[in-house]
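**Student:** Could you look at this predicted model? Sequence included:
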Amino acid sequence: MTEAATRPGADPSAPLTGLDRQIAALSRPRYEVLPLPGTADKVQEHVPRDLPVTVTASPRRGLEPTVALVEDLAARGFSAVPHLAARLVRDEVHLGDLLQRLQQAQVVDVFVVAGDGKQPVGDFSDSVELLASIQRLRRAGTVTGFERIGVAGYPGGHPLIGDDGLWRALRDKQPMATYLVSQMCFDARTVLAWASMARQAGLRLPWYAGVPGVVDHRKLARVAGRIGVGESARFLRKHQHGLVRLLRPGGYRPDRLVAQLTRGTVDPPAGLVGLHVYTLGDVAGTERWRRRALERLTEAAAA
């Protein structure tokens, strides 16, 4: 861990322990939320304002709910980050309008993805094209700001894009982005192996490890099926008995995955700067878990 590498109150000159890295990661994760009615109230009630909150985009509902929720959260004092899905943007004029709205809301961070829609609604079919358009608008002075631009990486593969295409896209996106977020994966070894391959491929973007938050067992079953491609599918098949346990009511908690990602090796993975937590609709439960985990880890570190 580099950014926020020490836990609050720790001696910054002292060598980092595994507990220090885990505490640092849980002290300021990014939360991902869904653009649904009532989400802003849930975030305000349960999430500290110093935690960045990212808002997903739905191919069925378009980008308007995403941008509207980001505007609402920003007005409430949160550092809100919209997911700009390329396949949901009509053209460069539409993109400029969206960015100007976000600029007026004092949003400085956007997360650019291709989007899950099978067919683009307009001119953009992937995130590389949208990033290039953002760069053109910034050079023209149409929009300013947006110091942080994130892009996605896929440790477990992608159902529509082969591995060669994924690596090529990451290399193309790197000059236009400032950070990377790994898509949700249940296997820490897969994520860490992907991070190592990314470095070998010349990728130097700081990155956030994507982990699922506290999830209801029925929702976890749906999520596991949706992401069950590549290494994730092999992991779930290999750990069928463990998955059965996870799917029991109250069976899943992110503790082990977080520990393996942040303190499972002598040295932390190169470039890892934090966690990106997928709340999957349960903001309150995920934040309750985070606070309890922090309390437990802090007590252990002080013992």
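**Tutor:** Done, it's in. Numbering: from 1, shown residues only.

**Student:** Do a quick rundown of the helices in the stretch 201-303 of the chain.
**Tutor:** 217-226, 230-238, 240-246, 255-263, 283-302 (DSSP state H, counting those that start in this stretch).

**Student:** for the stretch 201-303 of the chain, what are the low-confidence residue spans?
**Tutor:** 216-252, 263-269 (pLDDT under 70).

**Student:** Try it again at 80.
**Tutor:** The stretch 201-303 of the chain contains residues with pLDDT under 80 at 215-253, 263-270.

**Student:** Report the secondary structure state of Val151.
**Tutor:** What DSSP: H, G, I helix; E, B strand; the rest coil gives for Val151 is strand.

**Student:** how near is it to Ser125?
**Tutor:** Val151 is 15 Å from Ser125, where distance means Cβ to Cβ, to the nearest Å. For glycine as for every other residue, the C-beta is placed from the backbone atoms N, C-alpha and C.

**Student:** quick one, which of the two is more surrounded?
**Tutor:** More crowded of Val151 and Ser125, by other Cβ atoms under 10 Å: Val151, with 24 against 15.

**Student:** Just confirm that one contacts Asp126, I think it does.
**Tutor:** No. If you go by Cβ atoms under 8 Å, Val151 and Asp126 don't touch, sitting 10.9 Å apart.

**Student:** how about Leu203, phi and psi?
**Tutor:** Phi and psi for Leu203, reported as degrees, to the nearest 10, are phi -90, psi 130.

**Student:** which residues does it contact?
**Tutor:** Leu170, Arg171, Gln174, Leu180 (Cβ atoms under 8 Å, 6 or more residues apart in numbering).

**Student:** From those, pick the one nearest Pro48.
**Tutor:** Leu180 (24.3 Å; Cβ to Cβ).

**Student:** List the beta-bridge partners for the closest one.
**Tutor:** Val151, Trp207 (DSSP bridges).

**Student:** What is the neighbour count of it?
**Tutor:** Number of residues near Leu180 (other Cβ under 10 Å) recorded here: 23.
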